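Colleague: Please find the sequence and the predicted model below.
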Amino acid sequence: MTRRSRRNRRKQQLDEELLVALGGFLIAVCVVMAVVNWLINHWWVLVLAVVLAVLAGAGWWQHRTQQAAWKRAKASALRYGLAQLDGLTHRQFEHAVRDLMHRDGCTNAVQVGGRGDLGADVKAVDPFGRRWVIQCKHRKNGERGAAVGTPDLQVLNGTGRPVHNADVVVLVTNGRITQPGRDFAGQQRLHLVDRALLGEWAAGSRPLWELLKAMPPPRKPSALS
């Protein structure tokens, strides 16, 4: 086959492809025009479709609003007794602390404890914009278990602000805290939630920042401030 013949054949193929594309375009235009004409002649179908779409959207939004309200009501009613907290595993205890922070208004409270957590078991941002880092120390035997001492608080102090950039650094336990640990926490501006304070927080309706002393100022204005 000569070069001229190949060019002619290529041109013929291009012409055929162009005709096919043009035919497809014309068919699509005809279909669209037919649909438009049908809708013009049956305008009530379009109106009905719009009404149904609006009703469906309103129903979905109402359902979503009701679900959100139910979750808020459920969270606000959350209560724990000390005996109930004693019976949890350490991981469940972390989840309980997370849920209590969520109840208090920290909608982004998350449980992050685990291998390599660098002293943080729960993180949250309160309605005042303050960032919280909480270390949880669960004792199976409650107040009869081993007391939380200075070494645990030193780990938390070494990571709470420098690593996690927290405004409020807290240790929560269902057990006891040694006096040297309390002294160290006071020196380093660490907040302690011991068994007595945990019982008040978990069984009541006051947020934790109202129960703790010497809280840092809010980062942003809030409806609660």
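Modeller: Structure's in. What do you need?
Colleague: Going by C-alpha atoms from here, please, whenever you check contacts or count neighbours.
Modeller: Noted.
Colleague: Quick one: mean pLDDT over stretch 28-46.
Modeller: Stretch 28-46 shows a mean pLDDT of 81.
Colleague: again with stretch 197-217
Modeller: If you average the pLDDT values across stretch 197-217, you get 93.
Colleague: Need the contact partners of that stretch.
Modeller: 76, 79-82, 100-101, 104, 167-168, 172-174, 191 (Cα atoms under 8 Å, 6 or more residues apart in numbering).
Colleague: Give me the buried entries from these.
Modeller: Buried members of those, scored by 16 or more other Cα atoms under 10 Å, are 76, 79-80, 82, 100-101, 104, 167-168, 172-174, 191.
Colleague: Please parse the chain into its domains.
Modeller: 3-75, 80-211 (automatic domain parsing).
Colleague: Worst mean pLDDT among those domains?
Modeller: domain 3-75 (a mean of 72).
Colleague: Can you give me the neighbour number for residue 38?
Modeller: The number of residues packed near residue 38 is 12, by other Cα atoms under 10 Å.
Colleague: Quick check on it: phi, psi?
Modeller: phi -60, psi -40 (degrees, to the nearest 10).
Colleague: Please enumerate the helices of this structure.
Modeller: 3-41, 43-76, 82-86, 90-103, 150-160, 179-188, 195-203, 208-211 (DSSP state H).
Colleague: highest average neighbour count across those?
Modeller: helix 90-103 (a mean of 21; mean count of other Cα atoms under 10 Å).
Colleague: quick revisit: with distance to residue 220 added, can I get the domains of the chain in JSON lines?
Modeller: Listed next are the domains of the chain as JSON lines, based on distance: least, Cα to Cα, whole Å:
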{"stretch": "domain 3-75", "distance to residue 220": "23"}
{"stretch": "domain 80-211", "distance to residue 220": "6"}
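Colleague: quick one, which of the ones you listed is nearest to residue 218?
Modeller: domain 80-211 (4.9 Å; Cα to Cα).
Colleague: Nice, that's everything, thank you.
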